[in-house]
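Colleague: Fold the stuff below for me.
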Amino acid sequence: MGHFPKELVEKNLKHRSPGLPLYSIIVKNRVNHTKNILIALLAMLLCSAMLAAQTAPPSTSGIFPLSQIHAGQKATAWTVFRGHQPEPMDVEILGVLRGARGPGQDMILAQLHGAKPEYTGVVAGMSGSPVYIDGKLAGALSYRIGQFAKDPIAGVTPIEQMLAVRALPIAATDHPQSAANTQQDMQPMETPLVLSEFSPEAVAFWQKTMAGTGLETVAVGGSGSSLPAPQPDAVGSAPTIEPGAAVSAQLVRGDMEIAATCTVTYADPTQILACGHPILQAGEISLPMTETEVVLTLASPLNSYKIVNTGRTIGAFTEDRDAAIRGVLGARARMIPVQILIGGATDPKQLNVEVVDLPTLTPQAVEVVVLQSLMQSLRNTDMTSYHVTGQIALNNGEAAPVDVWAVPSDSMQAPISAVLQIGNEFQQIYANASRLTGIRTVKLRIDPVERRAQVELLSARLLGSEAVHAGETVEVEAVLRPWQQEERTERIRVQLPARLKPGTVRLLLSGATALDRTLEPGEQTQTLDALLAEERQKRPADRLYVSLLEPEAQAEVSGQELSNLPLSLKNTLEPLRASQHAALRGESVLVLTDHAVNGVLSGSATLNLRIEMGSGLD
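Modeller: Predicted coordinates for the structure are as follows:
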């Protein structure tokens, strides 16, 4: 009887019928006890079956209309807190805010309940989590209310407004809608960015560059892990994804990755809707879409967010609209390949990435990729200079050469200088109004120079008499001082043109920067053809140039220089000047020779020559 409570045995002994054996009482209680155990086991199995039925969002395609939503309704939202499996959380509808997201754009106000959402609050990366009422899809968690709110209050984008994005043609070319005019304390849930293979300096540069865009929030994460590593050109066959699952849009992929993560709201066999708000309000986009593993949901009083690993490519995002982003399963994204070779005698390294093709993001993506490539040089120090060469190639076969020197200075580090110069050249081509073809590839080679490769022109003088003849060879002497080295003297022989007329001319000794300022057309080049021609004529910065300055008109037409213009031709070019296809200068500049100086040359000097009658060729 040790298996039964003493009180139970005594009670049955007291009330047993006369003549009933004691063992009968014991058997009776054993049967009752076994019966209770079976009932408990059955209840546990029933509960398990009910829980199993709630391991995924409802499969119904029905929607719960906004017109029937009111305060007090109970709902369920699904999101991934860890791993790949969406989890349910209770939602209480607080009401509908009319026009809270903009004119005619309502928002459902809701409070999240449950141990996890009450601990983490509204989480960056949770945007897009589907909300169901009576098994029907009502909308997506998409907005946070306040920054330090004690209660997990969220705004929900109604599903009817999101489905309007699904209805857009796959090849839509309409213009983006205007940004939603949300109330000041209602902000879209942050779209956390994963920056993989980037140094802290590169991450800080990205955050500064993207400040105010909503894409400056950087979360911890990685590229792949338990999932297959993403392949730029490999799209899984017949990919599937369910509402509540995490999904990422890749802005950069390859040897480096930048990806934005949110949650799937709606999915059918061909496309998905996610986020419940825009990423950049860019309209038509083309971004790789990947599966995503949530490693951890990190709780923070300021900003909780999901730590993720991106996975295999399953399609492409094609629309970035006010109410949702739209992804097409199995589609391929249009990206710009960027190939960077980090030179070196013993440790050359090749980096291959693809960057987004989107005006509001591409230049910044190229810059941060170049910066990280510079930072990966094993010889990177405060005194290291960089020589970056390569080309920006267009789909039509044309290309702009890249030849940039970046030297550290008291006001700017060399990597930042290189990034800004390359970014400026890329932006001029990429954002040119007359560009009719896409960017095929960007190829760069980075050669570190383990010193401050700066040379200053201190002075110059003419060896011999200032009185010379046309066609004669003269010799000039330049005094140069490399950074923190002894001065040195260079002698350069220069042959004058035989066409020179008697009179005074000048010789300009300078580096490429000072020479370009002398040749500056004054008006901004507008056409891509003129810009490409100008880029091809740019001179290396590590040489000393000796140029002839003549008091004759000079023009630049579509990037081509025309010297010694007669007055009649000058008048003819005046209309082109007004249309910014030509530039006119009152002085002609003719480069006679150049001389290597083993560093970026700064400073200039001017020498006077008097051309006398006769020829110096006899």
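Colleague: Under the pLDDT cut-off, which ranges of the stretch 101-250 of the chain? List them.
Modeller: Scanning the stretch 101-250 of the chain for pLDDT under 70 picks out 146-150, 171-186, 216-239.
Colleague: would you list every one of the strands in it?
Modeller: Per DSSP state E, counting those that start in this stretch, the stretch 101-250 of the chain carries strands over the ranges 107-113, 123-124, 130-133, 136-145, 153-158, 186-188, 193-196, 218-219, 221-223, 246-254.
Colleague: can you redo those strands as TSV with distance to residue 339 and mean neighbour count?
Modeller: Bear in mind the C-beta positions are built from the backbone N, C-alpha and C, glycine included. Output for the strands of the stretch 101-250 of the chain, formatted as TSV (distance: least, Cβ to Cβ, whole Å; neighbours: other Cβ atoms under 10 Å):
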stretch	distance to residue 339	mean neighbour count
strand 107-113	45	23
strand 123-124	33	26
strand 130-133	40	27
strand 136-145	38	27
strand 153-158	40	28
strand 186-188	35	19
strand 193-196	19	23
strand 218-219	25	19
strand 221-223	19	22
strand 246-254	10	27
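Colleague: any chance of these in JSON lines, plus distance to residue 93?
Modeller: Output for the strands of the stretch 101-250 of the chain, formatted as JSON lines (distance: least, Cβ to Cβ, whole Å):
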{"stretch": "strand 107-113", "distance to residue 93": "6"}
{"stretch": "strand 123-124", "distance to residue 93": "20"}
{"stretch": "strand 130-133", "distance to residue 93": "8"}
{"stretch": "strand 136-145", "distance to residue 93": "8"}
{"stretch": "strand 153-158", "distance to residue 93": "8"}
{"stretch": "strand 186-188", "distance to residue 93": "16"}
{"stretch": "strand 193-196", "distance to residue 93": "31"}
{"stretch": "strand 218-219", "distance to residue 93": "29"}
{"stretch": "strand 221-223", "distance to residue 93": "33"}
{"stretch": "strand 246-254", "distance to residue 93": "25"}
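Colleague: Which one, of the ones you listed, ends up nearest to residue 405?
Modeller: Proximity to residue 405 (Cβ to Cβ) singles out strand 246-254 among the strands of the stretch 101-250 of the chain, at 25.9 Å.
Colleague: Helix or strand next in line after the closest one, which one?
Modeller: Scanning forward in sequence from strand 246-254 by DSSP states H and E, the next helix or strand is strand 257-267.
Colleague: Just the buried residues of that following strand, please?
Modeller: By 16 or more other Cβ atoms under 10 Å, the buried positions in strand 257-267 come out as 257, 258, 259, 260, 261, 262, 263, 264, 265, 266, 267.
Colleague: Who are the packing partners of it?
Modeller: Secondary-structure packing of strand 257-267 (3 or more Cβ pairs under 8 Å, 6 or more residues apart in numbering; DSSP states H and E): strand 130-133, strand 136-145, helix 159-166, strand 193-196, strand 221-223, strand 246-254, strand 271-274, strand 304-320.
Colleague: And for residue 355, nearest residue in space, chain neighbours not counted?
Modeller: residue 365 (4.1 Å; Cβ to Cβ, 6 or more residues apart in numbering).
Colleague: which parts of the helix or strand that contains the one you found are buried?
Modeller: With elements taken from DSSP H and E, the one containing residue 365 is helix 362-375. Using 16+ other Cβ under 10 Å as the test for burial, helix 362-375 gives 362-374.
Colleague: and if you look at stretch 115-125?
Modeller: Applying 16+ other Cβ under 10 Å to stretch 115-125 flags 116, 117, 120, 121, 122, 123, 124, 125 as buried.
Colleague: Can you list which of those are found in helices?
Modeller: 116, 117, 120 (DSSP state H).
Colleague: Contact partners for the second one?
Modeller: Spelled out, that is residue 117. Shown in contact with residue 117 (Cβ atoms under 8 Å, 6 or more residues apart in numbering): 89, 152.
Colleague: now the helix holding residue 365, how far from the chain's geometric center?
Modeller: Computed by Cα atoms, centre = their mean, to the nearest Å, the chain-centroid distance of helix 362-375 equals 9 Å.
Colleague: elements contacting that helix?
Modeller: Helix 362-375 is packed against helix 200-209, strand 246-254, strand 335-342, strand 349-356, helix 414-430, strand 439-449, with contacts defined by 3+ Cβ pairs under 8 Å, 6+ apart.
Colleague: list the helices and strands the longest one packs on?
Modeller: It stands for helix 414-430. If you count contacts as 3+ Cβ pairs under 8 Å, 6+ apart, helix 414-430 packs onto helix 200-209, helix 362-375, strand 385-394, strand 399-406, strand 439-449, helix 528-536.
Colleague: can I get those in TSV with distance to residue 307?
Modeller: As requested, those are exported to TSV (distance: least, Cβ to Cβ, whole Å):
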stretch	distance to residue 307
helix 200-209	15
helix 362-375	21
strand 385-394	34
strand 399-406	35
strand 439-449	31
helix 528-536	43
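Colleague: Comparing these, which stretch has the densest surroundings?
Modeller: helix 362-375 (a mean of 24; mean count of other Cβ atoms under 10 Å).
Colleague: Point to the residue nearest the middle of the chain.
Modeller: For the chain, the residue whose C-alpha lies nearest the mean C-alpha position (Cα atoms, centre = their mean) is residue 365; its distance is 4.0 Å.
Colleague: Hmm, residue 252 and that one touching each other?
Modeller: Yes: contact status for residue 365 versus residue 252: in contact at 5.4 Å, counting by Cβ atoms under 8 Å.
Colleague: quick one: the helices in the stretch 1-150 of the chain?
Modeller: Secondary structure of the stretch 1-150 of the chain (DSSP state H, counting those that start in this stretch): helices at 6-14, 22-52, 115-120.
Colleague: Confirm that residue 455 lies within a helix, as I assumed.
Modeller: No: using DSSP: H, G, I helix; E, B strand; the rest coil, the assignment for residue 455 is strand, not a helix.
Colleague: measure it to residue 322 for me?
Modeller: As judged by Cβ to Cβ, to the nearest Å, residue 455 and residue 322 stand 55 Å apart.
Colleague: domain ranges for the chain?
Modeller: Residue ranges for each domain of the chain read 6-52, 59-333, 336-449, 454-615, as given by automatic domain parsing.
Colleague: Could you say which of these is packed most deeply?
Modeller: Ranked by average neighbour count under the criterion mean count of other Cβ under 10 Å, the domains of the chain are headed by domain 59-333 at a mean of 20.
Colleague: Between residue 365 and residue 252, which contacts overlap?
Modeller: Shared contacts of residue 365 and residue 252, defined by Cβ under 8 Å, 6+ apart, comprise 258, 355, 356.
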